[in-house]
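1. With the input below, show me the fold.
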Amino acid sequence: MEIKKRTIVRVLFIIMFTILIATIVLKYSSFERRILLFEMFRGIVSLYGLIVELPLAFVRNRNQLDKLWKRVVLLPVLIFAVFSICVAGINTYNLTKDVFTGYLVKVVSIIEREHEYRSSDRIWVSDNSKRLKLYLAPGYVNVDVGKAYTFRVFENSHIAISINKVEQPNDDS
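-> Numbering: from 1, shown residues only. Presented below is the predicted three-dimensional model:
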């Protein structure tokens, strides 16, 4: 009995995903767990579809790709797939590093905020003369520009979680 290469790749994806899920579930609390599982699931599914299933679809249908116009249409799809593999791979790698290394607690002031998505906003923060770009985890939309906040940040994937406002001392002397 011969094991096919695609079966080996599928099993490797399942093993990798299982290890990451177990690490997330055992290491993090509920809110961090929910965000990390969502991001990890999105990255692994994207990589699986682009690395395993897309090439298999091309191999299965290679007899139908003999015409020149089909190959011309296929070229942009392949270029987009390679670009998507690079982006999804880098994001999943950074998130995997964050899962195993953990988060950092930082006190920063928000310099600028940009509403990028309905559930995730991009912010620029100042951290002791460094300017960082972070993404707010879904559910945190009540942050003000110019205010200081304490939050947990996953440094490699730039995700900010658990934002709490830092109380400023009153200057009403």
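
2. What values do phi and psi take at the closest residue to Ile159 other than its chain neighbours?
-> Among residues not flanking Ile159 along the chain, Tyr135 sits closest, at 5.5 Å (Cβ to Cβ, 6 or more residues apart in numbering). The C-beta positions use only the backbone N, C-alpha and C, and glycine is treated the same way. Tyr135 adopts backbone torsions of phi -110, psi 130, taken as degrees, to the nearest 10.

3. Tell me what Tyr135 is bridged to.
-> With DSSP bridges as the criterion, Tyr135 is bridged to Arg122, Ile159.

4. Verify the stated contact: it with Ala160.
-> Yes. Using Cβ atoms under 8 Å, Tyr135 is in contact with Ala160, at 6.7 Å.

5. Comparing those two, which residue is more hemmed in?
-> Of the pair Tyr135 and Ala160, Ala160 is the one with more neighbours under other Cβ atoms under 10 Å, namely 25 against 18.

6. that older thread, shared neighbours of Tyr135 and Ala160, anything?
-> Common contacts of Tyr135 and Ala160 (Cβ atoms under 8 Å, 6 or more residues apart in numbering): Ile123.

7. burial of Phe31, as a residue count?
-> Neighbourhood size, Phe31 [other Cβ under 10 Å]: 13.

8. Give me the buried stretch members for the longest strand seen in the chain, please.
-> The longest strand of the chain (DSSP state E) is strand 104-114. For strand 104-114, a neighbour-count test (16 or more other Cβ atoms under 10 Å) marks 106, 108, 110, 113 as buried.

9. ok and whichever strand or helix holds Phe80 relative to strand 104-114, angle-wise?
-> Under the criterion of DSSP states H and E, Phe80 resides in helix 68-101. Relative orientation of helix 68-101 and strand 104-114, computed by axes from the mean of the first three to the mean of the last three Cα atoms, to 10 degrees: 140 degrees.
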